[in-house]
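Novice: fold the stuff below for me.
(4 chains, ligands or ions: 4)
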Amino acid sequence: QQIVNIDNVDPEALASEEEYSIATVVKVDGIAWFDRMRDGVKQFGEDTGNDTWMVGPSQADAAAQVQLIENLIAQGVDAIAVVPFSVEAVEPVLKKARDRGIVVVSHEASNITNVDYDIEAFDNLAYGAELMDNLAAQMGETGKYVATVGSLTSKSQNEWIDGAIARQEEAYPDMSLATERLETYDDANTDYTKLKEALTAHPDIAGVVGGPMPTSAGAGRLIAESGLQGQLHFAGTGLPSVAGQYLSNGDIDYIQFWDPAVAGYAMNLIALKELKARAAGEDAGIGAGTDLGLEGYTDLQLAEGANAKVLYGAGWVGVTKDNMADYDF
Amino acid sequence: MTSQTKSEPRGSILSGMLSDETARTNLLLGAICIVVLVAMTAMRPNMFLSSYNFESMAFFMPELGILSIAMMIAMLTGGIDLSIVGVANLAGITAGTLFGMMAGENGSSVLGLGPVALGVCAALVVGLLAGLLNGFLISVLKITPILATLGTGQVFIGLCLVLTGGPAIVGFPAGWNAIGNGKIAGLPVPLLLFVVICVGLSLLLARTSFGLRLKMIGTNPKAAVYAGVRRGQMIVWSYMLTGGLAAMAGILLSARTNAAKSDYGSSYLLQAVLIAVLGGTNPAGGRGNVIGVALALISLTLLSSGFQMMRLSNHLIDFVWGGFLILVIALNSWRRHRRA
Amino acid sequence: MPSAPLIELRNVSKRFGGVRALDDVSLTLDTARIHCLAGENGSGKSTLIKIVSGVYQPDEGEILIDGKPVGKLDPATSIAHGVQVIYQDFSLFPTLTVVENLALNSFLREGRQRVDWRRARKMAREVLARLDVKLDLDATVETLPAAGRQIVAIARAMLADARLIIMDEPTTTLTGREVERLFRIVRDLQDQGIATLFVSHKMREMLEISEHLTVFRNGKKVTEGPISEFDERAITRAMTGRDLHQGRFAAPHTTGKTPRLELRNVAVGDKAQDINLTLMPGEIVGLSGLIGAGRKAIAQAIFGLRQDMTGEMLVDGQPIAPASVPDAIAAGLAYVPEDRLSEGLFLTRSIRDNSIVSSLARFAPRLWLNSDKAAAETRKMFKEMAISAPGIDAPVGTLSGGNAQRVMIGRWLMTDAKVLILNGPTVGVDVGSKEQIHGIIQDLTRKNDLAVLMISDDMPELAANCNRVLCMREGRITGELSGAALTEEALDAALSKETLGEPA
Amino acid sequence: MSFLRSSDAIILGILAVAMVLIGLVNPAFWQMSNLFSLLKSNVVIGIMALGVLLVMISGGIDVSFTAFAVAGMYLVVKVMVALDYNGVILPFMSATLIGGLLGLMNAGIIHRFSMIPLIVTLGTASVVRGLVLGLVGTSNVNINKMPTALIEFGKTDLLVLERANGSTYGLTAMVAVYLGLALLLHLVLKHTMIGRSVYAYGADPEAAKRVGFSTGRTMIFVYVTAGALAGFSGLLHSSMIWLANPRDFVGLELDVIAAVVLGGASIFGGRGTVLGTVLGVFILVMIQNSLILMGIDTTWQRVVVGGMLIAAVTVTALRDRRALV
Ligand SMILES: Nc1ncnc2c1ncn2[C@@H]1O[C@H](COP(=O)(O)OP(=O)(O)OP(=O)(O)O)[C@@H](O)[C@H]1O
Ligand SMILES: Nc1ncnc2c1ncn2[C@@H]1O[C@H](COP(=O)(O)OP(=O)(O)OP(=O)(O)O)[C@@H](O)[C@H]1O
Ligand SMILES: [Mg+2]
Ligand SMILES: [Mg+2]
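Specialist: Ligands and ions are numbered 1, 2, ... in the order given. Below is the predicted model:
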């Protein structure tokens, strides 16, 4: 069955005369998020007949990711799609790749330079603002909240939280941040423990903005276990498989995400377009207004400012109890 | 001894440097290197033998190699240094912060060679100071190395976070970048640095009083004190050397990626322990040599590169590393038994 | 007497690589007989013990217990047959308490799964009472001095209801009364039908305690018979294949010379007080006393190993106060520790490394080690000390006790030491080697104008090598013997006089 | 009293001082709910620490137990999901068994090749983790798939109290499981021959062999028990956090070892007590879980954790500062 809906994709765009090898490199191998992306990458290979596969380091580490990319260059792949663990760290190696004629497409890396295209599911600040709007609604626009990030070094997660806090300061004056953002090492149990401790230190906390996906499980468990439904609210990144149970039990009300499978598919699709254009000696014509035919990527927008390689898709998916049945991953 | 002299191109010097047991382990590792090379070539001839493959290895291998050697030095006295990755990142970040301060508004990429040299010095000083702290905790306060360096490792990574606030420091000067990505006479600078460090350290360990004293301390710490070796002082020096090497790795890491961050290279820590041990270092102290570590590094790098080309999951590559370690242990033990 | 001997070895051989540690040895150990095994270092005594106790399996030959051949003998079987060994290194558990060290062994033999602590304490108390010693039952063994550990080891073997107790050099760390007590116990055991196999380098002990003697040389049994057939000379000749002459060390002329080492009103912690001591060039001064008299403390303080020394110390008339061992070495002091294996040598490293380690500054003035010079000087020392080994690259761990001790002394030769402190210079060294080492020490002293402070529990050694001997007791120097008054008997008397007042 | 001179007493002293200090900074520390929560955080790492203690007494270091914990947990949960099996006892027995068998592998290699445990366990950890992630799977079993019996078991409380605002907090029954295991191990170590053989072996392997202790048996006991404890703690962890994550526990091994050494065990073997270990674990967990209470800046937290670890270890090190002469 199809994971990524390609009913609206131009069949022309999926056809290619040559069989290209396109490797997708992710931050870390084997977390639910990138397992989902692998499905999209695989499907793209099946849909187009190209050689596509996904790799990632066994531990989330920039140095290990760079080494993987080096290896791909040595293998002589045609294109690399990359979700960098650290944008800065991969820049030099991506430059090498491009110097050797490899097409490079990235994702979750809006400040990157050494790529042909970067495709973002959305604007990070807006994503965070949306989380805040939701949390504020749950909290009645008043009270204290905390925010979590997987790691202080994670750029996108910190930008989401920046966006959320900015939104609160601008629109919800009766709300306030109880304590600095918590660092939870992308581990649901750490989320749980730290949130619990924050609650002990600040018993009046009524809301949680979750940056990393595991927070949805950690916060969900905390609320379920302590009977805090209706007293502690949550809005944050999460997948239905991770937090759906808590949604349907009413422990938490809102999670937000974008579909990594589609993102993976989109990166590969853009890479293919560019490869074909190069082979034909013409411009791929990817820019503002491009329609990939994939949900959320039908009207790509160019980033403001100088970086003309960064394309934004149209957003995220918000999931509540009501629509969670639509997403089975 | 004779077979080892034959197999080593630099003959007499090296054979003098290596004790019997060491030579045998190195021979085994060398053989493994060749087997891996041949096997991988047979499976992926075009990819594996590509010049780019070797060139890129020459760029990224030295960091891990230097960290492994640093680990080996700590193990020589029967210690261990779990803070090396923290030190490496702290060194890179310190240099980056310094560049940021020196360059001010203009962006540090314009800085010339002078500031880069200053940055290198600053990074090395950070490494030496970190080592001094470790050495102090271990030799003066008598804290078990594993605990002392676990604690300081946290502190160093913590300081990285404090300095950067989390995000990476970017935009190192061009000269800095050249340390990690440049070439001299067609050879990658990191490789050259690695070779220099290897040669320097094997001489230091085998041909100087410093090296001899370290090994003596590792062999029998009590007897070393009775023989007039300033044990505390030597341990401090050895951890400073370890710290300095870690900082060197940090310079390479940040220069190659043109960025510095608190969590770079976190996967290197256990790998460094593994490579050091595989290279014939006795974690209980007294035995260890640079050539063995270099050979272990090369064979493991070849192995993972080859498996990556076969699109084996990286988790299975971890499995292979572990299996490899046990295999070498088994082979060594079998050989010992047969000889006895 | 039952017809079959307790243990019989028939044509046993054991090789280690190229070394024939035991070569076609046959030996009979009878029930309730005190048997003595003698031989030079490396003659195979320990190897034989390990074969009887099942630690090693012989390459050839067979073992019979109670007349029945036992196939493969492992430690558990050997113990089950009533064989108990007290090893040279005691084989105790340093971090465990005295009670446990005593009781675990028995419980294990009884095949128990649980530890009955009350019974363990009772057993321990009883056996120590039999030995007539008091030890803190809850002290960990690592906190005990060597003598204490020895007592625990002996008590443990006694507890094991052994039929044969093997003691590998049991008296090296015991003095006067303790040895007497040990012999008394051994005879008690004999009355209960328990045999003892003694391994010893001490001639007088062999003659005093044993009934039967076997002598090994180079892994072969060279002679055997009732002790009445032997005297000191005969034993020595059997062991070494030649006659030895133990001379006396003549006092040098020291008038007008500055003392090499002088201690004035020195105190070391609470271990030693009011120590006044003068060592002249060319002198060998002995220091005798019971274990715990404070001798070691003084030696360590002089050598910069302890920081709690008060009073004045002069080397060649210059006051010094070494804060560390390197300071002491720089001042010309040298110390050969009592426990060669743990405090002295680096067993896995070469003779060269072991020799140059204390004089590295000379071979590596600025870091770089001058290997040629180091090797040359090591070879020179190697010859001077008459070390027998394949070469200077041989690991010290492969050497016999005597040769290892020569490396220890040789190390200090290479630092040009002026004052040499020897603590137990020939512990665990056989007669042949012992004589040679004594000769070397005397030669060096005369030739190099060394001053030697010899700490020893071996009265004949002190009598033969020293021109003066100081007696210590409870941290104070209580007397001095020299000249004609310096005899073994006088030393023994001085010591036992002290012993009477001080239960160890 | 000999207890007052023991290392356990000193660790208890450090713990008391630290608790008083944290309580002074933020009295909320003393809230019953916080103390319960701390105890809960002790359970899994504490059970692992018991295994590590055993290995350390025997003179080894084990870095493979986290991998074994993952293997026990993930394999069992995966199989439960696949078979749609819902139960508690059999799964826990299986996880324990898996850990135990993996421990047997450690024991076998260490004994057979007479190799340093640190190296062997480094290798087996890599092997086991690689196999689990490479062959069995990498994605979490989340709450939606997680067997409910396990979750219910993990939720069991000894007592439940209510706050003013109606929310509840409880003392998890797993604390009893943990302390029960600790007591059991204490009794085994103190009162059985196999327990004493571990100390004997750690104190001097050669001597242990000579006395007639079977090295192989001791090694098997040590590593199988450590592995079994790890496997058990892995599944317990997953039932307490309501999900099974095959990438869990990465890097935790060093923390656990630190806790055990903090608790007075020696990495040179022959020394260590269960009480000390339990206290050491508590100190470590408390340091890590009181940073927000003490109001420490997120960016400074690692520095503070490292610093406090060093401080705590320094105190213990000053105690047994055996001058090396
Ligand atoms: N494990 C071993 N490996 C190799 N050689 C050994 C081993 N044990 C003993 N030997 C050698 O066997 C010979 C006999 O040694 P053994 O220890 O039995 O002598 P010994 O009579 O007990 O000497 P000492 O009086 O010094 O204790 C020596 O040459 C020794 O070097
Ligand atoms: N009677 C005793 N029982 C137990 N321990 C003792 C006894 N006497 C001394 N000790 C311990 O033995 C150690 C050595 O002590 P000291 O330096 O005073 O003795 P020494 O006479 O130099 O020893 P040795 O004769 O072995 O060279 C010290 O740790 C001391 O506490
Ligand atoms: Mg012997
Ligand atoms: Mg003595």
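Novice: next one: A:Y127 from A:Q59, what distance?
Specialist: Separation of A:Y127 from A:Q59 (C-beta to C-beta, to the nearest Å): 27 Å. Backbone N, C-alpha and C define where each C-beta goes, glycine included.
Novice: what's the answer for B:G243, then?
Specialist: Going from B:G243 to A:Q59 by C-beta to C-beta gives 24 Å.
Novice: who touches residue 312 in this structure?
Specialist: All of this is about chain A. A:120-123, A:300-303 (C-beta atoms under 8 Å, 6 or more residues apart in numbering or on different chains).
Novice: the intended chain is chain C.
Specialist: C:E312 makes contacts with C:262-266, C:319, as judged by C-beta under 8 Å, 6+ apart.
Novice: for the buried ones among those, write the corresponding ChimeraX selection.
Specialist: Buried subset of the contacts of C:E312, written as a ChimeraX selection, criterion 16 or more other C-beta atoms under 10 Å in any protein chain shown:
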select /C:262,263,266
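Novice: who has more neighbours out of B:G243 and A:Q59?
Specialist: Higher neighbour count among B:G243 and A:Q59: B:G243, with 34 against 21, using other C-beta atoms under 10 Å in any protein chain shown.
Novice: tell me the SS of D:V120?
Specialist: helix (DSSP: H, G, I helix; E, B strand; the rest coil).
Novice: near chain B, which residues of the stretch 101-250 of chain A?
Specialist: Applying C-beta under 8 Å from any C-beta of the partner chain, one finds that the stretch 101-250 of chain A approaches chain B through A:151-155, A:158.
Novice: leaving out the residues flanking it, which one is nearest to the residue of the stretch 51-200 of chain D found nearest chain A?
Specialist: Nearest to chain A, among the residues of the stretch 51-200 of chain D, is D:T138, at 2.5 Å (C-beta to the nearest C-beta). Excluding the flanking residues, the one nearest D:T138 by C-beta to C-beta, 6 or more residues apart in numbering or on different chains is A:G30, at 2.5 Å.
Novice: adjacent strands (with direction) for the helix or strand harbouring C:V469?
Specialist: Element membership for C:V469 (DSSP states H and E) is strand C:468-473. Using DSSP bridges, strand C:468-473 pairs in its sheet with strand C:284-289 (parallel), strand C:476-482 (antiparallel).
Novice: and the longest one, how far out from the chain's middle?
Specialist: Just to be clear, that refers to strand C:476-482. Here strand C:476-482 is found 24 Å from its chain centre; the criterion is C-alpha atoms, centre = their mean, to the nearest Å.
Novice: burial measure for the residue in chain A that chain C sits nearest to, as a count.
Specialist: Closest approach of chain A to chain C (C-beta to the nearest C-beta) occurs at A:A63, with a separation of 33.7 Å. Using other C-beta under 10 Å, A:A63 is surrounded by 25 other residues.
Novice: does chain D sit close to the helix or strand containing it?
Specialist: Per DSSP H and E, A:A63 falls inside helix A:62-75. No - using C-beta under 8 Å from any C-beta, helix A:62-75 stays clear of chain D, with a minimum separation of 13.2 Å.
Novice: residues in contact with stretch D:30-45?
Specialist: With contacts defined as C-beta under 8 Å, 6+ apart, stretch D:30-45 is touched by A:193, A:196-197, A:200, D:23, D:28, D:161, D:163, D:169-172, D:174-175, D:177-178, D:233, D:236-237, D:240, D:252, D:255-256, D:259, D:278, D:281-282, D:284-286, D:289, D:293.
Novice: which strands and helices sit next to the helix holding A:A63?
Specialist: Packing contacts for helix A:62-75, counted by 3 or more C-beta pairs under 8 Å, 6 or more residues apart in numbering or on different chains; DSSP states H and E, involve strand A:21-25, strand A:79-82, helix A:87-99, helix B:51-76, helix B:231-257, helix B:290-309.
Novice: switch the ones you listed over to CSV; also include mean pLDDT.
Specialist: Output for the helices and strands packed on helix A:62-75, formatted as CSV (pLDDT from 0 to 100):
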stretch, mean pLDDT
strand A:21-25, 95
strand A:79-82, 96
helix A:87-99, 90
helix B:51-76, 92
helix B:231-257, 95
helix B:290-309, 91
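Novice: okay, those in a markdown table with distance to ligand 1 next?
Specialist: Formatted as a markdown table, these follow (distance: least, C-beta to the nearest ligand atom, whole Å):
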| stretch | distance to ligand 1 |
| --- | --- |
| strand A:21-25 | 54 |
| strand A:79-82 | 58 |
| helix A:87-99 | 53 |
| helix B:51-76 | 26 |
| helix B:231-257 | 29 |
| helix B:290-309 | 25 |
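Novice: quick one, which of those is packed in tightest?
Specialist: Of all the helices and strands packed on helix A:62-75, strand A:79-82 carries the top mean neighbour count, a mean of 28, counting by mean count of other C-beta atoms under 10 Å in any protein chain shown.
Novice: ok, and what's touching it?
Specialist: Contacts for strand A:79-82 (C-beta under 8 Å, 6+ apart): A:20-26, A:41, A:69, A:72-73, A:90, A:94, A:97, A:102-107, A:109, A:115, A:264, A:267-268, A:271-272, A:274-275.
Novice: parallel or antiparallel, list what pairs with that strand.
Specialist: Here strand A:79-82 is paired, per DSSP bridges, with strand A:21-25 (parallel), strand A:103-107 (parallel).
Novice: quick one: those as CSV, columns for distance to C:G82 too.
Specialist: Listed next are the strands paired with strand A:79-82 as CSV, based on distance: least, C-beta to C-beta, whole Å:
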stretch, distance to C:G82
strand A:21-25, 70
strand A:103-107, 78
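Novice: out of the ones you listed, which gets nearest to C:L37?
Specialist: Between C:L37 and those, the tightest spacing by C-beta to C-beta is seen for strand A:21-25, at 72.2 Å.
Novice: residues near the closest residue to ligand 2 within the stretch 151-300 of chain D, how many?
Specialist: With C-beta to the nearest ligand atom, the shortest gap between the stretch 151-300 of chain D and ligand 2 falls at D:A203, namely 19.2 Å. For D:A203, the number of neighbouring residues by other C-beta under 10 Å comes to 26.
Novice: show me what contacts it?
Specialist: Contact partners of D:A203, counting by C-beta under 8 Å, 6+ apart, are C:93-96, D:269-270.
Novice: pull the helix or strand with minimum mean pLDDT from chain D.
Specialist: In chain D, no helix or strand scores lower on mean pLDDT, DSSP states H and E than helix D:2-5, which sits at a mean of 62.
Novice: right, I mislabeled it, should have said chain C
Specialist: The weakest-scoring helix or strand in chain C, judged by mean pLDDT, DSSP H and E, is helix C:488-501 (a mean of 68).
Novice: surely the residue nearest to D:T138 meets D:N245?
Specialist: No - using C-beta atoms under 8 Å, A:G30 makes no contact with D:N245, being 10.3 Å away.
Novice: between the two, who's got more neighbours?
Specialist: Legend: neighbour count by other C-beta under 10 Å for A:G30 and D:N245, higher for D:N245 (26 against 23).
Novice: what's the closest non-adjacent residue to that one?
Specialist: Among residues not flanking D:N245 along the chain, D:N140 sits closest, at 4.8 Å (C-beta to C-beta, 6+ apart).
Novice: no more questions from me, cheers.
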